[in-house]
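[1] fold the following and give me the result.
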Amino acid sequence: MKKNIAIIMGGYSSEYKISLKSGSVVYDYLDKEKFNAFPIHIYKDRWVYVDSNQKEHKINKDNFTVKVANETVAFHCVFNAIHGTPGEDGLMQAYFELLGIPQTSCNYYQAALTFNKRDLLSVLKPYGIKSAPSFYMNLGDIFDADQIIETVGLPCFVKANKAGSSFGISKVYKKEDLPKAIENAFKEDDEILIESFLEGTEVSVGVITYKGKTKVLPITEIVTDNDFFDYEAKYQGKSQEITPARLTAVQQQKVIESAKKAYEVLKMKGFSRSEFIFLDDEPFMLEMNTTPGLTKESILPQQANKAGISLSQLFESAVWEALGEDYDI
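    Residues are numbered from 1 along each chain as shown. Here you go, the predicted model:
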């Protein structure tokens, strides 16, 4: 019997349009000979199954079922393609755990932790995973620009603590530009993170569970035409993504060890993509994404392709891993 797979996409954050693209790619490439795939759009005002005629069918939130042609469809597994809240911060993961429905991303605690950049980096620091000097602020805090600059220096990055796709991030060169950057970050989140600028090679490392084992994918080097890897660089062609990255053997070994250690220390599952910057041979972690972009142009699918894993294989493996079933694809 074919499994019913709900592909959730959309979400409540600024990333919802990107998530819809990711979810559509998952739908297109998930093997229809093995799975009945259902695109489920998650919005604040409605959760709906969108059929091939673009007709919306309301999801019953009590048990996450949908009625189609007078038949109630229950799902064997959920493929999570939501970037940002509520799919990447633990809310959907906790909901599906309560309902007893397997889902493809990490568990709710790991999602909440990794979505919070400053908590993530604090937890990993005792395990030897380095991060940039930083300064934390919450909405409403009175701040002293001189104290911030004394801690992190200039230039520095001001980031929304719980946001993705470079929303709410600014690179600050001058003290007088700091208040505007802080205001911009608070538009995305009520917590912000101000970090030292680290000048070096930036890389993205995909780590997944594949055939029951932790697998580090080929590393991608990020070379941006812009001042940093911002939204325009990520999604509007203003960067080069070079896979495999041009690293020394020492650099490659160290960043693979760091990314794999972070994944395993946190007891992760599903897909992850961690960002690092090198200072000489030492990788410094910036963040970890647990529902990374899944379009054909996105970094993780590019890395999987270099590893000889097609999009169909990548998505199918995630479903079988979530279901806890052996597979050979």
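[2] tell me the centre residue of the chain?
    Against the mean C-alpha coordinate of the chain, by C-alpha atoms, centre = their mean, the closest residue is residue 289 at 2.8 Å.
[3] now stretch 154-161, how far from the chain's geometric center?
    The chain centroid and the centroid of stretch 154-161 are separated by 19 Å under C-alpha atoms, centre = their mean, to the nearest Å.
[4] err, stretch 288-297, not the other one
    6 Å.
[5] pull the CA atoms of that stretch into PDB?
    Extracted as PDB, the C-alpha positions of stretch 288-297 are listed here (Å, rounded to 0.1, in the frame of the first residue of the first chain):
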ATOM      1  CA  MET A 288      22.600  25.600  11.800                       C
ATOM      2  CA  ASN A 289      19.500  25.300   9.600                       C
ATOM      3  CA  THR A 290      17.300  22.300  10.200                       C
ATOM      4  CA  THR A 291      14.800  22.800   7.300                       C
ATOM      5  CA  PRO A 292      17.200  24.200   4.600                       C
ATOM      6  CA  GLY A 293      16.100  25.200   1.200                       C
ATOM      7  CA  LEU A 294      15.200  22.300  -1.100                       C
ATOM      8  CA  THR A 295      14.900  23.900  -4.500                       C
ATOM      9  CA  LYS A 296      17.100  22.500  -7.300                       C
ATOM     10  CA  GLU A 297      19.300  25.600  -6.900                       C
END
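[6] picking that back up, which SS class is the nearest residue to the residue nearest to the centre of the chain once chain neighbours are set aside?
    Once flanking residues are discounted, residue 289 sits nearest to residue 273: 4.7 Å by C-beta to C-beta, 6 or more residues apart in numbering. To be clear about C-beta, it is placed using only N, CA and C from the backbone, and glycine gets the same treatment. Counting by DSSP: H, G, I helix; E, B strand; the rest coil, the backbone at residue 273 sits in strand.
[7] related to what we said a few turns ago, any idea how far the residue nearest to the centre of the chain is from residue 173?
    27 Å (C-beta to C-beta, to the nearest Å).
[8] please point out which parts of stretch 258-272 sit buried.
    The neighbour-count check on stretch 258-272 (16 or more other C-beta atoms under 10 Å) flags 258-263, 266, 268-272 as buried.
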